[in-house]
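Asks: fold the following for me, if possible:
(one chain, ligands or ions: 1)
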Amino acid sequence: MIDTLNQEPYDCIVIGGGIHGVGVLHDLASRGICRTLLLEKNTLGSGTSSKSTKLIHGGLRYLKNPWDIPLVYEGLQERALLLKLAPDLCSPLEFLFPVFKGAGMPAWMVRTGLFMYDFLAGSENIKKHRSVASSEATQMIPGLDTSRMRKIFSFWDGQTDDLALTRLVANSATSLGAKIKTKTSVQKILKKEGCWQVKTEDGSHFTAKTVVNAAGPWADKVLKSADLSPIYEGVNIRGSHLLIEDLGLKAGVFLQSPPQKGRPNRILFLLPWHGKTMIGTTEAPQSSPDECAMSEEECAYMIECINYYIHRDFTVADIEQQFAGMRWLARQPGKSMNKTSRKHKITTHKNAESPLFTIYGGKLTAYRKLCEEVGSKVAKKLGVTKLSGTKSQENWDLNSDYKAAIEGRFEKLRQGLL
Ligand SMILES: Cc1cc2nc3c(=O)[nH]c(=O)nc-3n(C[C@H](O)[C@H](O)[C@H](O)COP(=O)(O)OP(=O)(O)OC[C@H]3O[C@@H](n4cnc5c(N)ncnc54)[C@H](O)[C@@H]3O)c2cc1C
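Replies: Sure thing, here's the model as predicted:
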């Protein structure tokens, strides 16, 4: 039963049930702050948090940007933690990184990056990188075209199911006493007597001492509904994925886009996933979060990549599923889209003493750390000194039915329900 108007204010209302929204709720609950309510307009994880590449990783490719090294380090530490905290859902996966003649980075650069990746993972590393013979590589990646291959490396990262992870974190929060209301869209946020009053589409009103805007790509809209001006310019970048028949991959594949004049070198992944092969992701500007869909160019580009590296001749007719999601990043002045840092930002708007925090950016892998940062800010405002307990498995509801979230996932995708 959810309290409405005239009740004592909630300690915190969280808007958005993606990984960051449920993560903040879980963090607060693990500190004993349970007079909390999460409002999600659709179903949990239905936004970006079911459209990611599903990697639990430091982000090897971000090592190209020296300013993102701390981000890679943080991702690797959180990778190690998630593999321990939720081993049924987050598991290590071997990756092959083939280096081809004329495509992207040379072998020495890749090897340097892999040394650094191992170094940053420290004692929590899964396994160190190594060189792989082409005969072994073709066993692990059936059909791999080795004729133009210079070198092939193996390294390790993690893989999950983003939707199930979001459900697991949500269930962990509610098992500690937090409340969640789905199918409830926030329409308006008003300042009322030193608190925030949150009005929803179904006519309910909720008051809170603090609000966390975790609406991801919709966060600007939420700020607008509170008559607040965004502190950063949010940039939406679309990333699309294709699912094709199972290619029998025994490892993930880290591919550099085939050489083409005038096209930036990008990284794509080929991954085994739920009995299919997934390829992604792209990067394209996206204006409206409600109209996020893969373009024909992105589709053609991904098919070109598979056919360039694998001895097959795939066409659009071979695509079984597709999905697209949005990264919502804080724009850095003077930087191009793919040079904009993935480092998250948290901004604060105040109504008297009551803060409204907005989350920009972030990664599935490092969601726990980001949410701990937000949780600390909320706890400080509420005068709660207990620290976050999300690193401790006893605060996780690992027996809950979180895997049910992914039943019928492909059908839901087909019907546009995810
Ligand atoms: C293509 C792509 C691939 C990625 N791959 C990886 C990866 O492999 N590994 C990794 O670590 N990270 C990855 N990421 C990043 C990661 O997926 C995101 O950082 C993360 O999912 C964002 O979660 P979120 O909770 O901020 O947003 P979302 O998941 O989008 O959640 C926001 C929620 O707010 C709800 N909402 C919006 N407006 C309202 C409203 N008015 N009222 C109520 N609810 C509302 C929405 O319905 C939505 O559910 C990827 C991102 C993209 C785009």
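
Asks: ok, how many other residues are close to residue 62?
Replies: Other residues near residue 62 come to 21 when the count uses other CB atoms under 10 Å. From N, CA and C alone the C-beta is placed, and that goes for glycine too.

Asks: quick check: the nearest residue to it once chain neighbours are set aside vs residue 120, distance?
Replies: With sequence-adjacent residues excluded and distances taken as CB to CB, 6 or more residues apart in numbering, residue 62 is closest to residue 68, at 4.1 Å. Distance of residue 68 to residue 120, given as CB to CB, to the nearest Å: 11 Å.

Asks: next one: residue 213
Replies: In terms of CB to CB, residue 213 sits 31 Å off from residue 120.

Asks: more neighbours, those two?
Replies: Taking neighbours as other CB under 10 Å, residue 213 and residue 120 compare with residue 213 leading, 30 against 18.

Asks: ends of stretch 41-48, how far apart?
Replies: 13 Å (CA to CA, to the nearest Å).

Asks: enumerate the residues of the protein near the ligand.
Replies: By the rule CB under 6 Å from any ligand atom, the part of the chain lying against the ligand is 15-21, 39-42, 46-49, 51-55, 185-186, 214-218, 222, 239, 281, 325-327, 359, 362-365.

Asks: what subset of these is buried?
Replies: Neighbour counting over those (16 or more other CB atoms under 10 Å) leaves 15-21, 39-41, 46-49, 51-55, 186, 214-218, 222, 239, 281, 325-327, 359, 362-365 as the buried ones.

Asks: re the thing from before, am I right that the residue nearest to residue 62 is in contact with residue 344?
Replies: No: look at residue 68 against residue 344 with CB atoms under 8 Å: they stay out of range, at 12.0 Å.

Asks: just for the stretch 301-418 of the chain, where's the confidence low?
Replies: Residues of the stretch 301-418 of the chain meeting the criterion pLDDT under 70: 332-341.

Asks: all strands of it, in order?
Replies: For the stretch 301-418 of the chain, applying DSSP state E, counting those that start in this stretch gives strands covering 321-330, 345-351, 354-360.

Asks: mind checking which of the ones you listed is nearest residue 381?
Replies: Proximity of the strands of the stretch 301-418 of the chain to residue 381 was assessed by CB to CB; the nearest stretch is strand 354-360, lying at 5.8 Å.

Asks: give me the contacts around the closest one.
Replies: 20, 189, 194-196, 208-214, 216, 219, 222-223, 226, 228, 230-232, 234, 328-330, 344-350, 370, 374, 377-378, 381 (CB atoms under 8 Å, 6 or more residues apart in numbering).

Asks: which ChimeraX command selects the buried ones in the residues you listed?
Replies: Selection of buried members from the contacts of strand 354-360 for ChimeraX, criterion 16+ other CB under 10 Å:
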select :20,189,195,196,208,209,210,211,212,213,214,216,219,222,223,226,228,234,328,329,330,344,346,347,349,370,374,377,378,381
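
Asks: show me what contacts residue 369?
Replies: Residue 369 touches 74, 78, counting by CB under 8 Å, 6+ apart.

Asks: where's it relative to residue 375, distance?
Replies: 10 Å.

Asks: spatially central residue in this protein, please.
Replies: Centroid-nearest residue in the chain, with CA atoms, centre = their mean: residue 364, separated by 3.2 Å.

Asks: isn't that residue right up against residue 162?
Replies: Yes: contact criterion CB under 8 Å: residue 364 and residue 162 qualify, at 5.6 Å.

Asks: and for these two, which residues touch both?
Replies: With CB under 8 Å, 6+ apart as the test, residue 364 and residue 162 both reach 19, 49, 52, 54.

Asks: surely the last one meets residue 164?
Replies: It stands for residue 54. No: distance between residue 54 and residue 164: 9.8 Å, which falls outside the contact criterion (CB under 8 Å).

Asks: okay, and the beta partners of residue 211?
Replies: residue 13, residue 356 (DSSP bridges).

Asks: quick check: it touching residue 189?
Replies: Yes: using CB under 8 Å, residue 211 is in contact with residue 189, at 6.8 Å.

Asks: overlap in contacts, the two.
Replies: Shared contacts of residue 211 and residue 189 (CB under 8 Å, 6+ apart): 196, 198, 356.

Asks: can you tell me the strand partners of whichever helix or strand the first one is part of and which way each runs?
Replies: Assigned by DSSP states H and E, residue 196 belongs to strand 195-200. With DSSP bridges as the test, strand 195-200 is paired with strand 186-192 (antiparallel), strand 205-213 (antiparallel).
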